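Visitor: After the sequence you'll find the predicted model.
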Amino acid sequence: MLRDLLRIADARSEGHRMAMQWVQQHGLDTTAISSAEEERFAGQVASVYYEKVSRAIKTADPNHLYFGSRLHAAAKNNPAVLEACARHADVISINYYGNWAVTDAEAVRWSALPKPFMITEFYTKAEDSGLPNITGAGWLVRTQRDRAAHYQHFCLKLLTIPNAVGWHWFRYQDNDPLDPLSDPSNNDSNKGVIDNRYNPYLELTEGMRALNAIRYGLAIRYLQTMPVK
């Protein structure tokens, strides 16, 4: 981000001005920006964004929670971005793909945050749905039973993290390959808990139901077995 903003030729760009001010304040060589500096600058940008948005939302709607923006990819583990979000948002929102479950390192990092967090996107797609499953970020598995196993495994891990307050499966309905208005990442994949004829994937939904029915009891049991800090 810092390198990209520095390359902008238009001096009227707020982002360019912010990047130039950053390198001047920190005495940086613009031809040798490190990854660490990129991370810290991303945190500064995030802080400005979250502060302005939070102030505007709380002014107009003070009685509702501000969930920030859905962090994903490298941003969800950038300490500077997480700190900025935690400073201004009520809940930290994270879109999660790329691992079968939240890793131990992420669980430790996110449990240390001063705010709760929520997984706002995750899913798997299955080959037995009949859809091509070319687009989208979720895992590709063989069957709906495998999708149910992933859901349970993923959510069981979240239940062990004290400040994880929820999760959201993306999406409710499968992509429709015949929809000309869908964006390129949402046009041919088995993301839903129902198909395009509104039929539920019963193996998936039953697996979800089985875990959801006992989630609070499991969360309490996990908390009771955690060492006292």
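Guide: Right, received. Where do you want to start?
Visitor: For the longest helix belonging to the chain, which residues meet the burial criterion?
Guide: Secondary structure assigned by DSSP state H gives helix 35-60 as the longest helix of the chain. Within helix 35-60, the residues that count as buried by 16 or more other CB atoms under 10 Å are 37-47, 49-50, 54, 57. Every C-beta, even on glycine, is put in place using the N, C-alpha and C of the backbone.
Visitor: and the spatially closest residue to Trp139 that is not a sequence neighbour, what pLDDT?
Guide: Nearest residue to Trp139, sequence neighbours excluded (CB to CB, 6 or more residues apart in numbering): Thr124, at 4.3 Å. At Thr124, the model reports a pLDDT of 97.
Visitor: Going forward, count from 22.
Guide: With the count now opening at 22, the last piece we talked about shows up as Thr145.
Visitor: wait, isn't Thr145 in contact with Gln165?
Guide: No. Applying CB atoms under 8 Å as the test, Thr145 and Gln165 come out as separate, 9.6 Å apart.
Visitor: quick one: the helices in the protein?
Guide: Using DSSP H, helices in the chain cover 23-28, 35-47, 56-81, 100-109, 125-132, 165-180, 223-233, 236-246.
Visitor: out of those helices, nearest to Val214?
Guide: helix 223-233 (5.6 Å; CB to CB).
Visitor: same for that closest one, what does it pack against?
Guide: Here helix 223-233 touches helix 165-180, going by 3 or more CB pairs under 8 Å, 6 or more residues apart in numbering; DSSP states H and E.
Visitor: Could you give me the buried positions within the helix it packs on?
Guide: Quick answer for helix 165-180 (16+ other CB under 10 Å): 165-172, 175-176, 178-180.
Visitor: got it, and stretch 136-151?
Guide: 136-147, 150.
Visitor: circling back to that earlier point, ok, which pair from the buried residues of helix 56-81 is furthest apart?
Guide: Going by CB to CB, the pair spanning these furthest: Glu58 and Ile78, at 30.3 Å.
Visitor: hang on, the earlier thing: model confidence over the longest helix of the chain, on average?
Guide: 96.
Visitor: Determine how far stretch 115-132 lies from the middle of the whole chain.
Guide: Counting by CA atoms, centre = their mean, to the nearest Å, stretch 115-132 is centred 10 Å from the centre of its parent chain.
Visitor: That one spans what distance, first to last residue?
Guide: 13 Å (CA to CA, to the nearest Å).
Visitor: again with stretch 80-89
Guide: 15 Å.
Visitor: which parts of it are buried?
Guide: Tyr87, Phe88, Gly89.
Visitor: The second one: what's it in contact with?
Guide: For Phe88, the contact set (CB atoms under 8 Å, 6 or more residues apart in numbering) comprises Ala110, Asp111, Val112, Ile113, Ser114, Met139, Thr141.
Visitor: quick one, phi/psi of it?
Guide: phi -100, psi 10 (degrees, to the nearest 10).
Visitor: so how far is Phe138 from it?
Guide: The gap separating Phe88 from Phe138 is 10 Å, by CB to CB, to the nearest Å.
Visitor: which neighbours do the two share?
Guide: Joint contacts of Phe88 and Phe138 (CB under 8 Å, 6+ apart) are Val112, Ile113, Ser114.
Visitor: Which of the residues you listed has the largest number of neighbours?
Guide: Ile113 (25 neighbours; other CB atoms under 10 Å).
Visitor: For Val112, list the residues it contacts.
Guide: Neighbours of Val112 in contact, by CB under 8 Å, 6+ apart: Leu86, Tyr87, Phe88, Gly89, Lys136, Pro137, Phe138, Met139, Val186.
Visitor: Reformat the shared contacts of Phe88 and Phe138 as JSON lines; add distance to His37 and pLDDT.
Guide: Output for these, formatted as JSON lines (distance: CB to CB, whole Å; pLDDT from 0 to 100):
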{"residue": "Val112", "distance to His37": "32", "pLDDT": "98"}
{"residue": "Ile113", "distance to His37": "29", "pLDDT": "98"}
{"residue": "Ser114", "distance to His37": "28", "pLDDT": "98"}
